[in-house]
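**Student:** Kindly generate the corresponding structure for this input.
(chains A and B)
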Protein chains: 2
Amino acid sequence: MKIKLNHDLLKANDLLAAGLRQRLAESGVLAVNLMGSPGSGKTTLLERTIETFRDREAGLRLVVVEGDIATTLDAERIERKGVPAVQINTEGTCHLDANMVLGATEDLDLAGLDLLVVENVGNLVCPAGWDLGEDLKVVVASVAEGDEKPRKYPRMFEKAAACVLNKTDLLPYVDFNLERFRDDVARLNPQAVVLPVSARTGEGVAEWCGWLEEKLSAKRLTTRPLAG
Amino acid sequence: MKIKLNHDLLKANDLLAAGLRQRLAESGVLAVNLMGSPGSGKTTLLERTIETFRDREAGLRLVVVEGDIATTLDAERIERKGVPAVQINTEGTCHLDANMVLGATEDLDLAGLDLLVVENVGNLVCPAGWDLGEDLKVVVASVAEGDEKPRKYPRMFEKAAACVLNKTDLLPYVDFNLERFRDDVARLNPQAVVLPVSARTGEGVAEWCGWLEEKLSAKRLTTRPLAG
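**Tutor:** Numbering: from 1, shown residues only, chains lettered A, B, ... in the order given. The predicted structure is shown next:
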């Protein structure tokens, strides 16, 4: 009975996520679910991403949905970069669900958007199980967390299209075997791309934004084949 | 109905935790629930703690219960230091509960123990809500995670008797305001002790072990007032 109820909750979430995915697809919006441990550097990566796209593709229309247990700190950081942000406070809940994202996006003009990034609650476990209607899941891991994280938290890495390995500027000061990390991710998820980045110094950010641009282009081709 | 079920689960957990707490108290065992984000350095802190107690208090009888989603990596690290470890694999569950710890400790001779450390699943959110029958909750946070973690994940810090601020060797290379961190912890939890540590270099480990020794002594006085 208890297990059944949990299944029902997940099933209800999947139905809501499917509806959201359909709405996003009709508007041609690429939706990214950004996940990772607390302090892996998700918000700093987004700040750098906004700066890079501002130079590269001035017309990109982006909105960020920020999921946090408490505070509006992350949404404020995004808005200081000139990008609209919607803050969800989960008040104790350890992950975002599709209903929360539906609520956060219902007032948005999706047809006027190119990219929606949902920054999930900092948690390497729970968010992996909840579909938010996204096109792509991206996991951010920091080198300071250690190279064994894919083995110990496999589900997050199994489902990610890309793994941003952040804080590479700390590599000289921590024990981290990049080959071992890459091998473990590849074993769990042969399709996943590993992108070493330092959101602090900017190293690798161009490659990450290039990967994201490819996904944006592919989405545009798929959803607006006849657009000029 | 759904909320009620969740309450029932927590209530069942609290009953099991109370039973475990009673059993531990009768045996005079100090039980510590060690929590923190993935990669905050909980296992490395335990390795250093074992080494320090080996020098200081040779007769200390310690067992570690390791909670992980997958792998036996952490239990193997503890056993390599000569301390018995029991590995719990939660297989997807994001926290330990009292029933798991009961199962892991049922074959232990508690009367022959001084200290039981339960290393929880790496997660700064969910473990805070689950009583494991422990005497003390300790949260480990790494300076690489950033100084705003207490504000963003308040529940874990509100409940901790001590906050070990780990990886202080990385302070020169990250943006971290120690005063702000201390102030935020003090505001959430005036009783909590903040202990800056580098489990990697050993800096601050003596102070952490001193704090733990005080708690061990207090437990012995409380539970064995007539023992020689």
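**Student:** Give me the angle between the longest helix seen in chain A and helix B:2-27.
**Tutor:** Using DSSP state H to define each element, chain A has its longest helix at helix A:2-27. With axes from the mean of the first three to the mean of the last three CA atoms, to 10 degrees applied, the angle from helix A:2-27 to helix B:2-27 works out at 130 degrees.
**Student:** Report the buried residues of helix A:2-27.
**Tutor:** Under the neighbour-count criterion of 16 or more other CB atoms under 10 Å in any protein chain shown, helix A:2-27 has A:13, A:16-17, A:20-21, A:23-25, A:27 buried. Glycine gets a C-beta too; all of them are placed from N, C-alpha and C.
**Student:** among those residues, which are in reach of chain B?
**Tutor:** Subset of the buried residues of helix A:2-27 in contact with chain B: empty, counting by CB under 8 Å from any CB of the partner chain.
**Student:** sorry, back to before: mean confidence score for the longest helix of chain A?
**Tutor:** Taken as a whole, helix A:2-27 carries a mean pLDDT of 84.
**Student:** Which strands or helices does the lowest-mean-pLDDT helix or strand in chain A pack on?
**Tutor:** Between all helices and strands in chain A, the lowest mean by mean pLDDT, DSSP states H and E belongs to helix A:2-27, at a mean of 84. Contact here means 3 or more CB pairs under 8 Å, 6 or more residues apart in numbering or on different chains; DSSP states H and E; on that basis helix A:2-27 packs against helix A:98-105, helix B:2-27.
**Student:** where's the longest helix of chain A relative to the chain centroid, distance-wise?
**Tutor:** In terms of CA atoms, centre = their mean, to the nearest Å, the centre of helix A:2-27 is set 18 Å apart from its chain centre.
**Student:** so it versus helix A:98-105, what angle?
**Tutor:** Interaxial angle, helix A:2-27 versus helix A:98-105 (the same axes, to 10 degrees): 30 degrees.
**Student:** Can you tell me the SS state at the spatially most central residue of chain A?
**Tutor:** Centroid check for chain A by CA atoms, centre = their mean gives A:Leu34 as the closest residue, at 1.4 Å. Secondary structure, DSSP: H, G, I helix; E, B strand; the rest coil: A:Leu34 is strand.
**Student:** The closest residue in space to A:Arg54 that isn't next to it in sequence and B:Thr52: what is the separation?
**Tutor:** Counting by CB to CB, 6 or more residues apart in numbering or on different chains, A:Gly82 is the residue found nearest to A:Arg54 once chain neighbours are left out, at 7.7 Å. In this view, A:Gly82 and B:Thr52 are 50 Å apart by CB to CB, to the nearest Å.
**Student:** the more surrounded of the two?
**Tutor:** When neighbours are counted by other CB atoms under 10 Å in any protein chain shown, B:Thr52 comes out ahead of the other of A:Gly82 and B:Thr52, with 18 against 10.
**Student:** That one - nearest residue in space that isn't next to it in sequence?
**Tutor:** Per CB to CB, 6+ apart, closest to B:Thr52 is B:Cys209, 4.5 Å.
**Student:** which residues touch the one you found?
**Tutor:** B:49, B:52-53, B:56 (CB atoms under 8 Å, 6 or more residues apart in numbering or on different chains).
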